[in-house]
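# Sequence first, predicted model second:
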Amino acid sequence: MSNSRSISCSSTTAATFTMQWQKALVLGSGSYGTVYLGVPTNPNFGPSYYIAIKTSRLESSSTLQKERRILSRFVGCPEIVRCLGAQLSIECGLCYYNLQLEYASGGTLEDLIKRSSGGKLEEHDVRRYTTMILKGLRALHKQGYVHCDLKPANILAFSTGSGGVSKVKITDFGLSKIPGEENEIMRKRFSFRGTPNYMSPESVLWGIITPALDIWSLGCVVVEMVTGNVGWDSSISIDELMLEIACGNPPKIPETMSELGKDFLRGCLEKNPLKRLTAELLLLHPFLVEGCQGSPSAGPSALIGCSSSVSMKPHASKKSLPPPPGFSLKMKKPPSPEKLPPPAPATNLWLQSNTNMFTIPAFDRPMKQSAGVIKPYRLFPS
Ligand SMILES: Nc1ncnc2c1ncn2[C@@H]1O[C@H](COP(=O)(O)OP(=O)(O)OP(=O)(O)O)[C@@H](O)[C@H]1O
């Protein structure tokens with residue numbers, strides 16, 4: 001029995017080594033659990049081996065277990081947070097479920113917006129992050145999932161190590177709609193998932209949950225990146241906000257945005273979910289494509305070419321589910337920090353050690369101090 005989570009890795013030369021973590025600082029907390037920084041117990045393994053551990057009591061861990069099942073389908077997607085496994089622990093006589101995730105050293109997109117000069121992001125960064133988020137959404141939607149709670153607090157930022165952001169990834173799949181789950185219209189009318197500011201008209205009004213919901217939410221996230229504010233008047237009550245959204249009124253499109261940006265936003269914030277652009281189509285929008293090619297402007301034909309020709313296409317995913325990715329462990333020695341870990345196991349097998357090794361970007365985000373800094377993290381024998 002170890003005092004910390006242990007992970008064993010076998011190399012091709014049959015050498016075996018063990019990695020152990022202990023819960024250190026609290027990184028954040030939400031409705032479904034507390035997220036800790038997992039620090040290797042062996043001081044030889046530095047910040048590049050840090051992980052995030054999302055924890056909740058076993059009896060209320062169904063959301064975390066669902067999250068793990070979803071994440072195991074997307075281990076190969078660079079725009080979705082990587083799940084490294086899950087284990088149970090006993091702490092002070094209580095049983096906890098621990099979901100292990102790659103550690104995002106840059107915090108969340110919400111933090112990035114707050115930290116940025118002027119409290120808002122430059123348009124080139126907006127384009128870069130939006131492209132990554134859309135790639136994550138495209139992967140989700142292709143497999144029939146809807147995230148349902150896309151917002152800056154659920155986008156993780158990975159630091160370059162020199163203050164920049166190398167990558168953003170989607171996280172927090174606790175509210176996600178999985179394929180086969182009640183289709184289109186939720187049984188309970190007027191019930192909705194997610195955070196009010198980012199909800200689409202059809203989800204608020206009818207409880208309709210399709211990939212188009214995530215696209216509306218993305219539009220709201222873009223508005224927030226550009227202005228530093230949620231797109232709605234902060235003085236209105238939740239009821240008034242719901243009414244606004246139910247009427248199909250989108251958040252205000254920022255005047256300061258380029259014409260391409262405004263056109264992109266109109267594609268996201270289309271009231272009719274069937275006319276709203278898909279992730280696939282938005283990735284072809286000149287706002288992203290030409291921005292990435294270093295040409296920030298385009299003539300009206302480009303706008304018409306994108307919006308008018310594609311916006312009427314139904315928002316539906318076409319492909320069937322691929323099988324979950326396989327998982328095998330063959331490694332040589334402890335891996336170099338540059339190498340990313342192999343995928344986490346696709347199965348949801350409790351107490352199964354996640355037998356992979358990985359590295360995580362250097363620890364360089366400001367940390368919130370937790371009350372009881374280092375907590376023992378004891379394992380069930382596996
Ligand atoms: N992989 C990670 N790396 C670094 N920080 C993380 C990571 N995952 C979560 N966090 C931090 O913990 C916070 C809460 O995480 P998360 O949103 O996943 O929890 P939740 O209980 O599902 O929250 P919600 O109430 O929004 O559903 C995040 O806002 C972020 O600050």
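Received it, and whenever you're ready, just let me know what you need. Everything numeric here is computed off the predicted structure, so don't read it as measured data.
# okay, CA-based contacts and neighbour counts for the rest of this
Fine.
# Tell me the buried residues in stretch 237-252?
Neighbour-count burial for stretch 237-252, counted by 16 or more other C-alpha atoms under 10 Å, picks out Leu241, Met242, Glu244, Ile245, Ala246, Gly248, Pro250, Pro251.
# So Leu175, which state does it fall into?
Assigned by DSSP: H, G, I helix; E, B strand; the rest coil, the conformation of Leu175 is coil.
# Would you tell me what the next helix or strand after the biggest strand by length in the chain is?
The residue-count maximum for a strand in the chain (DSSP state E) belongs to strand 16-30. Heading C-terminal from strand 16-30, the first helix or strand you meet, by DSSP states H and E, is strand 33-40.
# now the angle from the helix or strand that that following strand is followed by to strand 33-40?
Moving toward the C-terminus from strand 33-40, the next helix or strand (DSSP H and E) is strand 51-57. Orientation check (axes from the mean of the first three to the mean of the last three C-alpha atoms, to 10 degrees): strand 51-57 against strand 33-40 gives 140 degrees.
# Tell me the buried residues in the helix or strand just after strand 51-57?
Using DSSP H and E, the helix or strand that directly follows strand 51-57 along the chain is helix 62-71. Applying a neighbour-count criterion of 16+ other C-alpha under 10 Å, the buried positions in helix 62-71 are Thr63, Leu64, Gln65, Lys66, Glu67, Arg68, Arg69, Ile70, Leu71.
# ok, and does helix 62-71 reach over to the ligand?
No - Helix 62-71 lies apart from the ligand when judged by C-alpha under 6 Å from any ligand atom; the minimum separation is 8.0 Å.
# Look at Tyr198 and say how many residues are nearby.
A count of nearby residues for Tyr198, using other C-alpha atoms under 10 Å, gives 27.
# Quick check: phi and psi on it?
phi -110, psi 10 (degrees, to the nearest 10).
# distance of the closest residue to the ligand within the chain from Gly46?
The nearest approach of the chain to the ligand comes at Gly30, 3.1 Å away (C-alpha to the nearest ligand atom). Note on Gly30: its distance to Gly46, by C-alpha to C-alpha, to the nearest Å, is 27 Å.
# would you list the buried residues of stretch 237-252 in CSV and tack on secondary structure and distance to Met225?
What follows is the buried residues of stretch 237-252, written out as CSV (DSSP: H, G, I helix; E, B strand; the rest coil; distance: C-alpha to C-alpha, whole Å):
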residue, secondary structure, distance to Met225
Leu241, helix, 20
Met242, helix, 22
Glu244, helix, 21
Ile245, helix, 20
Ala246, helix, 23
Gly248, coil, 21
Pro250, coil, 16
Pro251, coil, 13
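# Could you dump the residues you listed into CSV and include pLDDT and distance to the ligand?
Output for the buried residues of stretch 237-252, formatted as CSV (pLDDT from 0 to 100; distance: C-alpha to the nearest ligand atom, whole Å):
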residue, pLDDT, distance to the ligand
Leu241, 90, 19
Met242, 90, 19
Glu244, 89, 23
Ile245, 91, 21
Ala246, 89, 23
Gly248, 87, 25
Pro250, 91, 22
Pro251, 92, 21
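# orientation of the longest strand of the chain relative to strand 51-57 in degrees?
Using the same axes, to 10 degrees: strand 16-30 against strand 51-57 is 60 degrees.
# and the stretch 1-150 of the chain, which of its residues are near the ligand?
With C-alpha under 6 Å from any ligand atom as the criterion, the stretch 1-150 of the chain meets the ligand at residues 27-33, 35, 52, 101-104, 107-108.
# Repeat the analysis, applying 5 Å as the threshold.
For the stretch 1-150 of the chain, the contact set with the ligand under C-alpha under 5 Å from any ligand atom comprises Leu27, Gly28, Ser29, Gly30, Ser31, Tyr32, Gly33, Val35, Ala52, Tyr103, Ala104.
# What of the stretch 201-350 of the chain?
Counting by C-alpha under 5 Å from any ligand atom, the stretch 201-350 of the chain comes close to the ligand at no residue.
# Am I right that Leu137 is in contact with Leu282?
No - using C-alpha atoms under 8 Å, Leu137 makes no contact with Leu282, being 10.8 Å away.
# hang on, the earlier thing: list the beta-bridge partners for the residue of the chain closest to the ligand.
Gly33 (DSSP bridges).
# Relative to Thr63, how far out is it?
When distance is defined by C-alpha to C-alpha, Gly30 is 12 Å away from Thr63.
# What of Phe45?
Note on Phe45: its distance to Thr63, by C-alpha to C-alpha, is 31 Å.
# go on, Val222?
Applying C-alpha to C-alpha, the value for Val222 to Thr63 is 27 Å.
# what's the neighbour count on Ser117?
That count, for Ser117 with other C-alpha under 10 Å as the rule, works out to 10.
# same question but for Asp111, I mixed them up
17.
# quick one: the strands in the protein?
5-10, 16-30, 33-40, 51-57, 83-91, 94-102, 155-159, 165-170, 378-379.
# counting contacts, what elements does the longest one pack onto?
In this case it means strand 16-30. For strand 16-30, the elements it packs on are strand 5-10, strand 33-40, judged by 3 or more C-alpha pairs under 8 Å, 6 or more residues apart in numbering; DSSP states H and E.
# which stretch in the ones you listed is the model least sure about?
Note on the helices and strands packed on strand 16-30: strand 5-10 shows the lowest mean pLDDT, a mean of 37.
# Surely Tyr50 touches Leu37?
Yes - counting by C-alpha under 8 Å, Leu37 is a contact partner of Tyr50 at 6.9 Å.
# Between those two, which contacts overlap?
Residues touching both Tyr50 and Leu37 (C-alpha atoms under 8 Å, 6 or more residues apart in numbering) are Tyr103.
# on contacts alone, who are the packing partners of the top helix by length along the chain?
In the chain, assigned by DSSP state H, the helix with the most residues is helix 123-142. Applying 3+ C-alpha pairs under 8 Å, 6+ apart, we find helix 123-142 packed against strand 165-170, helix 211-227, helix 279-282, helix 286-292.
# Just want the angle from the longest one to strand 155-159.
Translated: helix 211-227. Interaxial angle of helix 211-227 relative to strand 155-159 (the same axes, to 10 degrees): 50 degrees.
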